[in-house]
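Colleague: just to be clear, the model below is a prediction. Sequence and coordinates:
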Amino acid sequence: MSAIIGSLGGLGLLLNNYTASSLNLFFFWMTWTTLIMSHPPLRVELIATFFVRFIFFLLPALIFTLFDNLLPSLAGKEPYQHSKPSSRKGVSVPTGRGRKKKVQVSNVDRGTLFAIFMTLGNIMLGIGIQAILEYIAVDVFRRPRLLRVSSAFPFPWDMARGIAYAMILRELFIYYPHRHIHQNPKSPFHKSHAHPRPTNSSLNLTSTTPIDYVLLQFLPVYIPSVMLSFHLLTYLAFVAVTSIVDVVCYSQYEYLPKAFFVGRIARRVRGHDESGGKGGYGWIGFLDWILGTEVNWNKGGVMGVGGGGEDGEGFTRAVRRGIRTRRASRKASHIHD
């Protein structure tokens, strides 16, 4: 296990400058080749997946969660399950120039501990399902591995293109099941679909029921990777990217830039929660915008659910309005000329 973790740590070497990258890449290739030749491919795949999920999701989510719950006033938000007043203390924190700010310190309650253990259990459940599927494909049906494990590295542009395609597929695999669960009370998953709120940090994403985690978190990442025949390194990079985005978006920090990709996802997550699941079912939000389930906002909060554009006018009308606006601006520029 230490050899696997050590070799995966070499992924960070690829982010160095160009002059050192060739040497680092050579040593990483040597370590990776030795690793896959000395360990079963399934063991490498499972431990590597857990390592990436731990580093890029679980660890930062734990840091955000503990920070939000231990110092809620400093974080700028309060935990959903407040601790008792007697268990909260005021501590003076120096802010510079001899000034001090009094912040409230809370104890970590049972809800937070439940979210931590539930998240860890769901991650292990996903890895277990991954192991079962690989075993069935390889040992039972004698098929090739679902995720390719070889010493040959995928090209960077192939990795980037594959991850882009996988993100689109992930949007499809999240949007339609998520929308079906919310809009069909007779669905067997409707009653069990509940996001417990022991914290207001990223653990809300993975501390759900196991069915929710598998259906809306694990499978939308794993199925596109299998469909596109990802190399294990490409799959790990895809898991890392989605984990980083998820841990930031579900932290629900208000100061995330709205014009940025991550800020828009975070805003959509909040809109989905505050609207009671009436919209915002996707991850990127493109299908919400087209199919009229985007959550619209005004200065007072959630305005309603509808298509993209102004006042939820819908995809087609928004495109037509954009065309009319550009035509009008061109005519005005010709007249002035």
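Modeller: Yep, that arrived.
Colleague: contacts and neighbour counts: CA atoms only from here.
Modeller: Fine.
Colleague: in which helix or strand would I find Arg43?
Modeller: helix 41-53 (DSSP states H and E).
Colleague: CA-only coordinates of that helix in CSV, if you can.
Modeller: Coordinates of each C-alpha in helix 41-53 appear next as CSV, following Å, rounded to 0.1, in the frame of the first residue of the first chain:
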residue,chain,number,x,y,z
PRO,A,41,-4.3,-4.5,-11.2
LEU,A,42,-7.4,-4.6,-9.1
ARG,A,43,-5.5,-3.8,-5.9
VAL,A,44,-3.8,-0.9,-7.6
GLU,A,45,-7.1,0.4,-8.9
LEU,A,46,-8.9,0.3,-5.6
ILE,A,47,-6.2,1.7,-3.4
ALA,A,48,-5.5,4.5,-5.9
THR,A,49,-9.2,5.4,-6.0
PHE,A,50,-9.4,5.6,-2.3
PHE,A,51,-6.2,7.6,-2.1
VAL,A,52,-7.5,10.2,-4.6
ARG,A,53,-10.9,10.5,-3.0
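Colleague: ok, then the element right after it?
Modeller: Next in line after helix 41-53, if elements are assigned by DSSP H and E, sits helix 59-70.
Colleague: tell me what angle that next one forms with helix 41-53.
Modeller: 30 degrees (axes from the mean of the first three to the mean of the last three C-alpha atoms, to 10 degrees).
Colleague: what residues go with each domain of the protein?
Modeller: Structural domains assigned to the chain are 1-39, 40-78+108-190+202-248, 253-337, following automatic domain parsing.
Colleague: in the protein, which spans are helices?
Modeller: Listed in chain order, the helices of the chain (DSSP state H) span 2-8, 18-38, 41-53, 59-70, 72-75, 110-135, 156-183, 203-206, 210-213, 219-227, 232-249, 261-274, 286-291, 315-336.
Colleague: with distance to Leu146 added, can I get the ones you listed in a markdown table?
Modeller: Shown next, in a markdown table, are those (distance: least, C-alpha to C-alpha, whole Å):
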| stretch | distance to Leu146 |
| --- | --- |
| helix 2-8 | 20 |
| helix 18-38 | 16 |
| helix 41-53 | 10 |
| helix 59-70 | 28 |
| helix 72-75 | 42 |
| helix 110-135 | 6 |
| helix 156-183 | 15 |
| helix 203-206 | 24 |
| helix 210-213 | 21 |
| helix 219-227 | 6 |
| helix 232-249 | 9 |
| helix 261-274 | 30 |
| helix 286-291 | 28 |
| helix 315-336 | 37 |
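Colleague: shaky segments in this structure?
Modeller: 1-29, 69-109, 192, 194-202, 207, 252-263, 297-304, 306-322, 334-337 (pLDDT under 70).
Colleague: show me what the helix holding Arg43 packs onto, helices and strands only.
Modeller: helix 2-8, helix 110-135, helix 232-249 (3 or more C-alpha pairs under 8 Å, 6 or more residues apart in numbering; DSSP states H and E).
Colleague: counting contacts, what elements does the last one pack onto?
Modeller: Contacts defined by 3+ C-alpha pairs under 8 Å, 6+ apart place helix 232-249 against helix 41-53, helix 156-183, helix 219-227, helix 261-274.
Colleague: in that helix, what's buried?
Modeller: 232-240, 242-249 (16 or more other C-alpha atoms under 10 Å).
Colleague: quick one: Arg267 from Ile63, how far?
Modeller: Note on Arg267: its distance to Ile63, by C-alpha to C-alpha, to the nearest Å, is 21 Å.
Colleague: ok, Asp139 next?
Modeller: In terms of C-alpha to C-alpha, Asp139 sits 40 Å off from Ile63.
Colleague: what does Ile129 give?
Modeller: For Ile129, the distance to Ile63 - C-alpha to C-alpha - is 27 Å.
Colleague: check Ile223 too.
Modeller: 29 Å.
Colleague: between the two, point out the one with more neighbours.
Modeller: Ile223 (16 against 12; other C-alpha atoms under 10 Å).
Colleague: for Lys191, find the nearest of the helices of the chain.
Modeller: helix 156-183 (8.8 Å; C-alpha to C-alpha).
Colleague: give the buried residues for that closest one.
Modeller: Buried, per 16+ other C-alpha under 10 Å, within helix 156-183: 159, 162-163, 166-167, 169-175, 178-179, 181-182.
Colleague: nearest to Leu113, out of the helices and strands packed on helix 232-249?
Modeller: Comparing these by C-alpha to C-alpha, helix 41-53 comes nearest, at 18.9 Å.
Colleague: buried set for that closest one?
Modeller: For helix 41-53, by 16+ other C-alpha under 10 Å, it's 41-42, 44-45, 47-53.
Colleague: give me the angle between it and helix 110-135.
Modeller: 150 degrees.
Colleague: and helix 41-53 with helix 232-249, angle?
Modeller: Using the same axes, to 10 degrees: helix 41-53 against helix 232-249 is 20 degrees.
Colleague: use 199 as the first number for this chain going forward.
Modeller: Done: numbering now begins at 199, and the last item shifts to helix 239-251.
Colleague: dihedrals phi and psi, Phe387?
Modeller: phi -90, psi 0 (degrees, to the nearest 10).
Colleague: kindly apply the preceding question to Thr407 instead.
Modeller: phi -70, psi 150.
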